[in-house]
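In: below are the sequence and a predicted model; questions follow.
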Amino acid sequence: MENSVQFSTLFQQIINGLSLGSVYALIAVGYSLVYSILSFSNFAHGGFLVVGGYICYGLLSGVDVYGFFEIPSSGIWLASLGALGGAGIVAVLTERLAYKPIRERTSMTLYLLIASMGVSIVIENIFVILVGGRFRALPQDIFPSALFNLGWNVTVSSSDILSLVVAVFFLGGLQFFLSRTRWGLAIRAAACDLHTAGLMGVNVSLLISIVFFVAGLLATVGGIFLSVRYTLYPQLGGITTKAFVAAVIGGLGSLPGAVVGSLILGLAEMLTAGFISSQMRDLVVFSMLVIMLLVKPAGFFGRQISDKI
């Protein structure tokens, strides 16, 4: 009987871990995508997640723009599209206003890293001022809520299935974009050598904007699912720290590595919560980070780069 209970718990936590890992993967891929081009970790990435989450929340509930006009509430499809576009535009503007002037003055990526930390704090405090710091919940009924019994007291919710399917769809779309389109080829070339790609005729400025737009879009998808799973608040972007850990474990700059690292991290979190204690989740996650940096600093799929920040 005890073995049956442990098997049920194991199976249940694996399902939960894959669902959580798929959301982490969407965010981690954005980290790796930016890193592969500019060789710095964009810690403002969590801010894009928050922007997308609040745009989606506002469009779902209706927005009164300081009494000038009111945007009526819309369905999840329109709200999601608005959030994707809005966060993508914010990501592009962040790169143009905060990062591009630094890139044009120096080649040291350390300054970009410091600027990204500042941008993250700015975005967080803008939302604290504009909408307040209280927690907000996206309507639970925007996603299907049915439960499926898989036997052995194991259940899976339709929202978990949806998050996994959506993650596969967007990650598959990204892979298609990178492997089958002209700009995807340019991004892969720039990931090898940005300067040489520019000399070969690639519009580097536009390419970087495309990369940031895609990263902001992916962060928003993850943010919407996280807002439904937990709650929405200005500091929600802090959860992207775990996605960054996943990207490091998989190998910064490697998109397959970001996906694999995210799944490993999601499974580790859920198995720890199921068999040890939920309070130990963060301890296990960051212990994995330290061990990986000691044993294999480049991650599972990463390249050895001397200036890796």
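Out: It's in.
In: from now on I want contacts and neighbour counts done on CA atoms only, so please keep to that.
Out: Noted.
In: now do the strands in the chain.
Out: 63-65, 69-71, 147-151, 154-157 (DSSP state E).
In: pairing partners for the third one, with directions?
Out: What that stands for is strand 147-151. strand 154-157 (antiparallel) (DSSP bridges).
In: and the strand it pairs with, what's buried?
Out: Neighbour-count burial for strand 154-157 flags 154-156 (criterion: 16 or more other Cα atoms under 10 Å).
In: ok, so of the residues you listed, who is nearest G30?
Out: G30 lies nearest to V156 out of the buried residues of strand 154-157, by Cα to Cα, at 27.4 Å.
In: so what's the closest one up against?
Out: Residues counted as contacts of V156 (Cα atoms under 8 Å, 6 or more residues apart in numbering) are 12, 15, 147-150.
In: buried members of those into ChimeraX, please.
Out: Here is the ChimeraX command that selects the buried residues among the contacts of V156 (16+ other Cα under 10 Å):
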select :12,15
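In: between the contacts of V156, which is nearest I102?
Out: Closest to I102, out of all of those and judged by Cα to Cα, is I15, at 43.4 Å.
In: could you measure from that closest one over to S36?
Out: According to Cα to Cα, to the nearest Å, I15 stands 30 Å off from S36.
In: cool, and G257?
Out: G257 is 12 Å from S36, by Cα to Cα.
In: if you average pLDDT over each of the strands of the chain, which is lowest?
Out: Note on the strands of the chain: strand 69-71 shows the lowest mean pLDDT, a mean of 48.
In: can I get the contacts of V156 in JSON lines including distance to S120?
Out: Shown next, in JSON lines, are these (distance: Cα to Cα, whole Å):
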{"residue": "Q12", "distance to S120": "35"}
{"residue": "I15", "distance to S120": "32"}
{"residue": "L147", "distance to S120": "37"}
{"residue": "F148", "distance to S120": "39"}
{"residue": "N149", "distance to S120": "41"}
{"residue": "L150", "distance to S120": "42"}
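In: on contacts alone, who are the packing partners of the helix ranked longest in the chain?
Out: What stands out as the longest helix in the chain, according to DSSP state H, is helix 2-38. If contacts are counted by 3 or more Cα pairs under 8 Å, 6 or more residues apart in numbering; DSSP states H and E, helix 2-38 sits against strand 154-157, helix 158-180, helix 182-192, helix 204-229, helix 240-250, helix 255-275.
In: by mean pLDDT, which helix or strand of this protein comes out lowest?
Out: Among the helices and strands of the chain, strand 69-71 carries the lowest confidence by mean pLDDT, DSSP states H and E, at a mean of 48.
In: rewinding a little: how about the buried residues of strand 154-157 in TSV, adding distance to L293?
Out: Below are the buried residues of strand 154-157 laid out as TSV (distance: Cα to Cα, whole Å):
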residue	distance to L293
V154	36
T155	36
V156	34
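In: which one of these sits closest to F212?
Out: Nearest to F212, judged by Cα to Cα, of those is V156 at 33.8 Å.
In: give me the low-pLDDT residue ranges for the chain?
Out: Scanning the chain for pLDDT under 70 picks out 1-5, 62-74, 140-141, 144, 151-152, 302-309.
In: mind listing what T196 touches?
Out: Listed by Cα under 8 Å, 6+ apart, the contact set of T196 reads A190.
In: F301 now?
Out: Counting by Cα under 8 Å, 6+ apart, F301 touches 250-251, 254, 256-257.
In: going by neighbour count, which of these comes out on top?
Out: When the contacts of F301 are compared by neighbour count (other Cα atoms under 10 Å), G250 ends up highest, at 29 neighbours.
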